[in-house]
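A.B. asks: fold the following for me, if possible:
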Amino acid sequence: MENARRKIPDFFKVYMPEYSSQRMLVPRAFLAQLDGPLSGEILLRCRMGWQWRVKVILEAQDAYFEDGWQEFVRDNLVEKCDFMVFSHQSPGVFRVVLFGRSGCEKKECTLPAEVGKGSEVREHDRDDGEEAEEDEDWSKRSKKTGNIEERKAADEDRINVMRYINAKNPHFMTTIRTFRSSYLFVPHTVRVDYELKLPHAIEFQDPTGRSWRGTVKVWKDGRTWITGWGALCRHNNLKKNDWCICEFPEENGFTGRIIKVHTVGGNST
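C.D. replies: Numbering: from 1, shown residues only. Below is the predicted model of the structure:
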């Protein structure tokens with residue numbers, strides 16, 4: 001009977017941009033645990049099951065995660081002093097769990113619109129049955145210090161949503177982001193709660209009546225993104241962290257073809 005596969009210890013790294021933004025040094029103590037050299041191409045898999053292809057570069061006795069590492073850092077919103085735990089799942093495959101400066105696990109993950117160099121978007125079994133809505137705009141990412149949930153609640157409380165919309169219409173709030181700024185993410189809860197069915201083509205309308213065409217894209221895990229969002233944001237001079245209310249009015253008995261965008265602004269009341 002063959003021996004069970006030996007469990008290789010995990011290793012951790014504290015992310016410091018000045019040392020790890022372009023490539024990451026793998027601890028020599030971890031390399032010593034492997035049966036052979038760590039080389040070629042490996043996969044880094046986040047808690048949602050998505051994975052990134054990363055090339056390993058060998059220099060003398062050291063190994064670095066290099067080509068594709070920058071994409072992993074960007075897509076997982078890794079920040080200075082974040083704590084990263086790497087678990088060796090199988091040859092060439094690592095599961096990575098991220099912890100923020102608060103000491104809590106970070107669940108944010110913003111995937112690229114298209115598969116680019118170093119990144120591969122795949123669907124795998126999710127940990128703990130988590131759904132993709134963890135990435136919804138209601139979770140409102142922030143790169144500033146402080147309690148994100150308290151900041152989000154405070155911003156929502158001071159915005160009188162009903163002042164802008166017809167309360168009967170499906171709607172949701174979102175903020176302007178610098179990453180994936182050309183796409184609007186439609187929260188899963190909005191689609192389910194309102195039984196909202198979106199056509200392939202939609203029309204964005206801003207407060208002045210100007211309109212832009214958008215295309216609905218649905219990922220394999222059910223996430224829904226709409227192109228054309230960036231043009232509206234640019235024409236309305238929207239900045240990072242500005243609030244918008246997206247409303248779906250009924251037209252000719254159909255809801256979902258038009259999205260009225262009410263620009264609130266970062267400092268509006």
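A.B. asks: right, and residue 106 touches residue 100 too?
C.D. replies: Yes: assessed by Cβ atoms under 8 Å, residue 106 is found in contact with residue 100 at 4.8 Å. For glycine as for every other residue, the C-beta is placed from the backbone atoms N, C-alpha and C.
A.B. asks: tell me which of the two has more neighbours.
C.D. replies: residue 106 (21 against 17; other Cβ atoms under 10 Å).
A.B. asks: which pLDDT value belongs to that one?
C.D. replies: Note on residue 106: pLDDT of 78.
A.B. asks: what about this structure, any weak spots by pLDDT?
C.D. replies: The model of the chain has pLDDT under 70 over residues 1-6, 47-49, 107-159, 179, 265-269.
A.B. asks: got any residues that touch both of residue 106 and residue 100?
C.D. replies: residue 82 (Cβ atoms under 8 Å, 6 or more residues apart in numbering).
A.B. asks: please enumerate the helices of the stretch 101-250 of the chain.
C.D. replies: 148-157, 188-193, 229-235 (DSSP state H, counting those that start in this stretch).
A.B. asks: starting at the chain centroid, how far to the second one?
C.D. replies: To tie it back to what came earlier, the one meant is helix 188-193. Averaging C-alpha positions (Cα atoms, centre = their mean, to the nearest Å) puts helix 188-193 18 Å from its chain's average.
A.B. asks: quick check: buried residues in it?
C.D. replies: Within helix 188-193, the residues scored as buried using 16 or more other Cβ atoms under 10 Å are 188, 190-191.
A.B. asks: now the strands for the stretch 101-250 of the chain?
C.D. replies: Secondary structure of the stretch 101-250 of the chain (DSSP state E, counting those that start in this stretch): strands at 171-175, 184-186, 201-205, 211-218, 224-226, 243-247, 250-251.
A.B. asks: which is the next helix or strand following the shortest one?
C.D. replies: It stands for strand 250-251. strand 254-255 (DSSP states H and E).
A.B. asks: who does that following strand pair with, and is each partner parallel or antiparallel?
C.D. replies: According to DSSP bridges, strand 254-255 has the following sheet partners: strand 250-251 (antiparallel).
A.B. asks: and the contacts of the strand it pairs with?
C.D. replies: The contact list for strand 250-251 (Cβ under 8 Å, 6+ apart) reads 169, 257-258.
A.B. asks: using JSON lines, please lay out those together with distance to residue 214.
C.D. replies: Output for the contacts of strand 250-251, formatted as JSON lines (distance: Cβ to Cβ, whole Å):
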{"residue": "169", "distance to residue 214": "18"}
{"residue": "257", "distance to residue 214": "10"}
{"residue": "258", "distance to residue 214": "10"}
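A.B. asks: great, nothing more from me.
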